[in-house]
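> Sequence isn't available, so here's the structure alone:
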């Protein structure tokens, strides 16, 4: 058993020696073949057109009013559109000098996306990225202009509403207030003054006059009664005349008393009905109608106009040049000054290793064929 292991180990040592002898024997061929492959790789790396890569990060344009930010476009939708225009369509054109390799949103950012260009010289990369940026800016500028026009139209509408509120609503309320103060209220005060100073005094004078008339008629009646008593048994015709006069005086007294009652009723109506009603109307205007109109005016002036003015200021702020921006490159276009392709060192190293392995394999193969022919 131990002798078999020693024998196998001797066989292994013999095989390794044979392999090394084969490599040494054909070392010129190995070096030559490895050198040829390496030189070919060097020539390929030198002849191959260098490819440069440049990257740019773009931020979507936006409108801001200080509190809210509204982006002009969505990064995913825009990236898909740009891929179709600048990647898919240009692949069919087979332009080997310049190409857009990637347009993707940046992960974790809703308003940023990256554009990657590869080209045979740096100037072409800058030009191609600028073409992408110009295309986006041109389309987004149209959106910005349209948005600004819409906002300006809204501002004009608000100005018209403010003007209408000032010229119509407030003017109408002011007219109503003036009419209550200068027409209705003054009319009521004049009626109150007329009732107190004119009508009641006239009625008082009428009452005094009618009472005097009654007293006069009563005196005439008393005198007539006395005369009737004196002539009652003397002259019947004269008694008849005095009786007629007596009835006439009594009728006048009754008529005057009825008139006094009418005047008193009218006086009572003025005092208990007309004057209180006018005073209630006056109090209603002073303490109810005028305060309501003044409050309404205050609400319109302070609330409605203030709301419209605030809305206008927000819209004006959003179209301030400092509060809206078109889509643009963040910072500068980035990239290495040296080409990313071909990777010359890697190509030469891989070619050298590959040539060495192939040449060693070829050496073993030739040695194997030689031994077989010799046997």
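That came in fine, so what should we check first? Predicted, not measured: the structure shown is a model, and the values here were computed from it. Numbering: from 1, shown residues only.

> Would you mark the buried spots in the helix or strand hosting residue 222?
Assigned by DSSP states H and E, residue 222 belongs to helix 200-231. Within helix 200-231, the residues that qualify as buried are 200, 203, 206, 210, 213-214, 217, 220-221, 224, counting by 16 or more other Cβ atoms under 10 Å. Every residue, glycine included, has its C-beta placed from N, CA and C.

> buried stuff in whichever helix or strand comes after that helix?
Sequence order places helix 236-269 as the next helix or strand after helix 200-231, per DSSP H and E. By neighbour count on 16+ other Cβ under 10 Å, the buried set for helix 236-269 is 242, 246, 249, 252-253, 256, 259-260, 263, 266-267.

> With stretch 136-156 instead?
136-137, 139-140, 144, 147, 151, 155.

> and what of stretch 311-320?
Buried, per 16+ other Cβ under 10 Å, within stretch 311-320: 312, 315, 318-319.

> And the helices in the stretch 51-200 of the chain, which stretches?
Using DSSP state H, counting those that start in this stretch, the helices of the stretch 51-200 of the chain run over 75-83, 89-91, 122-164, 171-178, 186-193, 200-231.

> and the shortest one, average pLDDT?
The predicted model assigns helix 89-91 a mean pLDDT of 74.

> now for that helix, which elements pack on it?
strand 98-105 (3 or more Cβ pairs under 8 Å, 6 or more residues apart in numbering; DSSP states H and E).

> List the buried residues of the strand it packs on.
98-100, 103, 105.

> With stretch 19-33 instead?
22, 26, 30, 33.

> so what are the domain limits for this protein?
Following automatic domain parsing, one finds the domains of the chain at 2-47+343-374, 52-154+322-329, 156-318.

> okay, the ones you listed in a markdown table with distance to residue 336 next?
Output for the domains of the chain, formatted as a markdown table (distance: least, Cβ to Cβ, whole Å):
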| stretch | distance to residue 336 |
| --- | --- |
| domain 2-47+343-374 | 12 |
| domain 52-154+322-329 | 7 |
| domain 156-318 | 41 |
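
> Any idea how many residues pack against residue 323?
15 (other Cβ atoms under 10 Å).

> For residue 339, identify the helix or strand it belongs to.
Using DSSP H and E, residue 339 falls outside every helix and strand.

> Grab the nearest non-local neighbour of it.
In space, and not counting its chain neighbours, residue 339 is closest to residue 50: 3.4 Å by Cβ to Cβ, 6 or more residues apart in numbering.

> Same question for residue 220.
For residue 220, the closest residue by Cβ to Cβ, 6+ apart turns out to be residue 249, at 5.4 Å.

> hmm, which helix or strand of this protein has the shakiest average pLDDT?
helix 2-25 (a mean of 60; mean pLDDT, DSSP states H and E).

> contact partners of the helix or strand just after it?
Going down the chain from helix 2-25, the next helix or strand is helix 27-47, by DSSP H and E. Contact with helix 27-47 is made by 23, 342, 344, 347-348, 350-352, 354-356, 358-360, 362-363, 366, as judged by Cβ atoms under 8 Å, 6 or more residues apart in numbering.

> Same question for stretch 199-212.
256, 259-260, 263-264, 266-267, 270-271.

> on that earlier part again, make a markdown table from the buried residues of helix 200-231 and add pLDDT to it.
Output for these, formatted as a markdown table (pLDDT from 0 to 100):
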| residue | pLDDT |
| --- | --- |
| 200 | 81 |
| 203 | 83 |
| 206 | 86 |
| 210 | 85 |
| 213 | 87 |
| 214 | 86 |
| 217 | 83 |
| 220 | 84 |
| 221 | 81 |
| 224 | 79 |
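
> And these, which is closest to residue 277?
Set against residue 277, the nearest of the buried residues of helix 200-231 by Cβ to Cβ is residue 200 (15.2 Å).

> And the contacts of stretch 199-212, which two are furthest apart?
Most distant of the contacts of stretch 199-212, by Cβ to Cβ, are 256 and 271, 21.9 Å apart.

> Any regions of the protein where pLDDT drops low?
Low-confidence regions of the chain, defined by pLDDT under 70, span residues 1-15, 66, 92-96, 230-236, 373-375.

> run the last query once more with 50
Applying pLDDT under 50 to the chain flags the ranges 1-7, 10-12, 14.

> in stretch 352-368, what counts as buried?
Under 16+ other Cβ under 10 Å, the buried positions of stretch 352-368 are 352, 355-356, 359-360, 363, 367.

> Of those residues, which belong to strands?
Using DSSP state E, no member of those falls in strands.

> Let me have the residues you listed in JSON lines, extended by distance to residue 45.
Shown next, in JSON lines, are these (distance: Cβ to Cβ, whole Å):
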{"residue": "352", "distance to residue 45": "12"}
{"residue": "355", "distance to residue 45": "14"}
{"residue": "356", "distance to residue 45": "18"}
{"residue": "359", "distance to residue 45": "20"}
{"residue": "360", "distance to residue 45": "23"}
{"residue": "363", "distance to residue 45": "26"}
{"residue": "367", "distance to residue 45": "33"}
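
> what's the farthest-apart pair in those?
352 and 367 (22.5 Å).

> State the number of residues packed around residue 36.
Neighbour number of residue 36 under other Cβ under 10 Å is 13.

> closest one to residue 58 among the helices of the stretch 51-200 of the chain?
Closest to residue 58 of the helices of the stretch 51-200 of the chain, according to Cβ to Cβ: helix 122-164, at 6.8 Å.

> Which strands and helices lie in contact with that closest one?
For helix 122-164, the packing partners by 3+ Cβ pairs under 8 Å, 6+ apart are strand 52-59, helix 75-83, strand 98-105, strand 112-119, helix 305-318, strand 324-325, strand 328-329.

> and these as JSON lines, adding distance to residue 46?
Formatted as JSON lines, the helices and strands packed on helix 122-164 follow (distance: least, Cβ to Cβ, whole Å):
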{"stretch": "strand 52-59", "distance to residue 46": "17"}
{"stretch": "helix 75-83", "distance to residue 46": "34"}
{"stretch": "strand 98-105", "distance to residue 46": "22"}
{"stretch": "strand 112-119", "distance to residue 46": "19"}
{"stretch": "helix 305-318", "distance to residue 46": "58"}
{"stretch": "strand 324-325", "distance to residue 46": "46"}
{"stretch": "strand 328-329", "distance to residue 46": "34"}
